[in-house]
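**Student:** generate coordinates for the sequence data below:
(4 chains)
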Protein chains: 2
Amino acid sequence: MTSPATTPRTLSTAEQRRAELVEAAVRVFAERGYAAPTTEIAKAAGISQAYLFRLFPTKPDLFAAAYEVASDRLYAAFSEAAAEAKASGADPLDAMGRAYSELIRRDRDVLLMQIHSYVGAGIDEQARAAVHRCFARLYDLVKREAGASEQEAKQWFAYGMLINVMAAIHADEVDAEWAQVLTWEPEEGDC
Amino acid sequence: MTSPATTPRTLSTAEQRRAELVEAAVRVFAERGYAAPTTEIAKAAGISQAYLFRLFPTKPDLFAAAYEVASDRLYAAFSEAAAEAKASGADPLDAMGRAYSELIRRDRDVLLMQIHSYVGAGIDEQARAAVHRCFARLYDLVKREAGASEQEAKQWFAYGMLINVMAAIHADEVDAEWAQVLTWEPEEGDC
DNA sequence: GGTGTGAGTGAGTGCATACTCACACCTGCA
DNA sequence: TGCAGGTGTGAGTATGCACTCACTCACACC
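**Tutor:** Okay, here's the model as predicted:
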């Protein structure tokens, strides 16, 4: 039931397809975790499973690539927030905190990839290294760019982890005091 | 190669075996996540895989039971800490914070089960409900028993999530500033 | 229009693993 | 002593999924 005359396939470059595939992988992994089958990821990317394995020889390779782009997006969001705050004379740490809350709306997948990678980090050596690199980079940003003290940095990460977890467990859909309090974002200048 | 004369099997009650099995399941799930095969859990419990499935008809059932006892242990630890603090006139919230840090040493599995359940909660309806119940109960404890304000409760959970995550990614084994700062526990009366 | 190269796939294979079934053995009780 | 009922298992089955292979098709260049 294929109609080759009406839908002549147009080829992409492997690089472009690879990028699309990783983008799809971020979405699917974010939603279903590492357990997401490669068939589903391939479908989401609009390619065959066979070609998925041509582009990434193993599933861990694909997951690593997905985590890398998710981490980059995370870093970029905080980096931009800090830069803008500095330019406008605002507090960079505050801005980065607000960027965190905003991510949950704009790019939830990026946060979910974090949580899923944390469990991967407990099991797989390479995943652990990747997660550690991500933390190292963010910590550096928080201290150097935002000029946070150690205590401030720790608190920033703590609230960040809370946001990650609340996103993962869909706390926003729960109508209860705990869910409201733990997902609440402070108006201005917290702590 | 069995020696039935020297090792006559002694039967347990199903209830007792069930409890041992769940205990083993907590250990194995904590270490390897939901992906841990049932064969391995059965081996850890010293029973056959077939009997595992007699005691818990499906793997999700077993995981749910494991999460339930882990949650109970978690709750008990905080509850005791609060009670002791109140008895000795100390600050209950402080005591519960210290109990959190102590769990990472004494009963790490209980924290790891939490993280693994968070990803399960994103995928499975029943796991989500169980996690929500756990949060609700703890939140209640923090507010009512420790008398925390909403802001204090939020901060308590935030630092708790940080501890969970740092435990999951083995941050304690990393020799770097970020790891040291984010796993550091304050001496007395923080924030 | 022929040909070389890279994009892309249908149809598998093999293995891990959740779950089953027929059966063995122990123990209390009549 | 026999038997009923509960504990426990060896040896499967079935399914899902990571990964492979032989192959087709599009396009660029001559």
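**Student:** so the most centrally placed residue in chain A is in which element?
**Tutor:** What sits nearest the mean C-alpha location of chain A, by Cα atoms, centre = their mean, is A:V110, with 1.8 Å. Counting by DSSP states H and E, the element that carries A:V110 is helix A:108-123.
**Student:** ok, then the element right after that helix?
**Tutor:** Later in the chain than helix A:108-123, the nearest helix or strand by DSSP H and E is helix A:125-140.
**Student:** shaky segments in chain A?
**Tutor:** Along chain A, segments meeting pLDDT under 70 span A:1-9, A:11, A:187-191.
**Student:** distance check, the residue nearest to the centre of chain A against DNA strand C.
**Tutor:** To DNA strand C, A:V110 is 26 Å away according to Cβ to the nearest atom of the strand, to the nearest Å. Using the backbone N, CA and C atoms, a C-beta is placed for each residue, glycine as well.
**Student:** just confirm yes or no for the helix of greatest length in chain A near DNA strand D.
**Tutor:** Ranked by residue count and defined by DSSP state H, the top helix of chain A is helix A:59-87. Yes - with Cβ under 7 Å from any atom of the strand as the measure, helix A:59-87 is seen reaching DNA strand D through A:K59, A:P60.
**Student:** what do you get for stretch A:23-34?
**Tutor:** No - applying Cβ under 7 Å from any atom of the strand, one finds stretch A:23-34 out of contact with DNA strand D, separated by at least 8.3 Å.
**Student:** what's in contact with that stretch?
**Tutor:** Outside stretch A:23-34, the residues within contact range by Cβ atoms under 8 Å, 6 or more residues apart in numbering or on different chains are A:36, A:40-41, A:44-46, A:62-63, A:65-66, A:69-70, A:108-110, A:112-113, A:116, A:119-120, B:35, B:119, B:122-123.
**Student:** can you list the buried residues in that stretch?
**Tutor:** Neighbour-count burial for stretch A:23-34 flags A:A24, A:A25, A:V26, A:R27, A:V28, A:F29, A:A30, A:E31, A:R32, A:G33, A:Y34 (criterion: 16 or more other Cβ atoms under 10 Å in any protein chain shown).
**Student:** next helix or strand past the helix or strand hosting A:A167?
**Tutor:** Using DSSP H and E, A:A167 sits in helix A:150-168. Using DSSP H and E, the helix or strand that follows helix A:150-168 in sequence is helix A:177-183.
**Student:** put the alpha carbons of that next one into CSV.
**Tutor:** C-alpha atoms of helix A:177-183 as CSV (Å, rounded to 0.1, in the frame of the first residue of the first chain):
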residue,chain,number,x,y,z
GLU,A,177,-1.3,21.3,50.0
TRP,A,178,2.1,19.5,49.7
ALA,A,179,2.0,19.7,45.9
GLN,A,180,1.1,23.3,45.9
VAL,A,181,3.7,24.3,48.4
LEU,A,182,6.5,22.3,46.9
THR,A,183,5.9,23.5,43.4
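**Student:** mind listing what the residue nearest to A:V26 when sequence neighbours are not counted touches?
**Tutor:** Excluding its sequence neighbours, the residue lying closest to A:V26 (Cβ to Cβ, 6 or more residues apart in numbering or on different chains) is A:A66, at 4.7 Å. Applying Cβ under 8 Å, 6+ apart to A:A66 gives the contacts A:V22, A:A25, A:V26, A:F29, A:M113.
**Student:** tell me which of those residues is nearest to DNA strand C?
**Tutor:** Using Cβ to the nearest atom of the strand, A:V22 comes nearest to DNA strand C of the contacts of A:A66, at 13.6 Å.
**Student:** was I right to think the closest one contacts A:D61?
**Tutor:** No - in this structure, A:V22 is not within contact of A:D61 by Cβ atoms under 8 Å, at 10.5 Å.
**Student:** who has more neighbours, those two?
**Tutor:** A:V22 (20 against 13; other Cβ atoms under 10 Å in any protein chain shown).
**Student:** related to what we said a few turns ago, for the helix holding A:A167, packing partners?
**Tutor:** Helices and strands touching helix A:150-168, by 3 or more Cβ pairs under 8 Å, 6 or more residues apart in numbering or on different chains; DSSP states H and E, are helix A:92-106, helix A:108-123, helix A:125-140, helix A:177-183, helix B:108-123, helix B:150-168, helix B:177-183.
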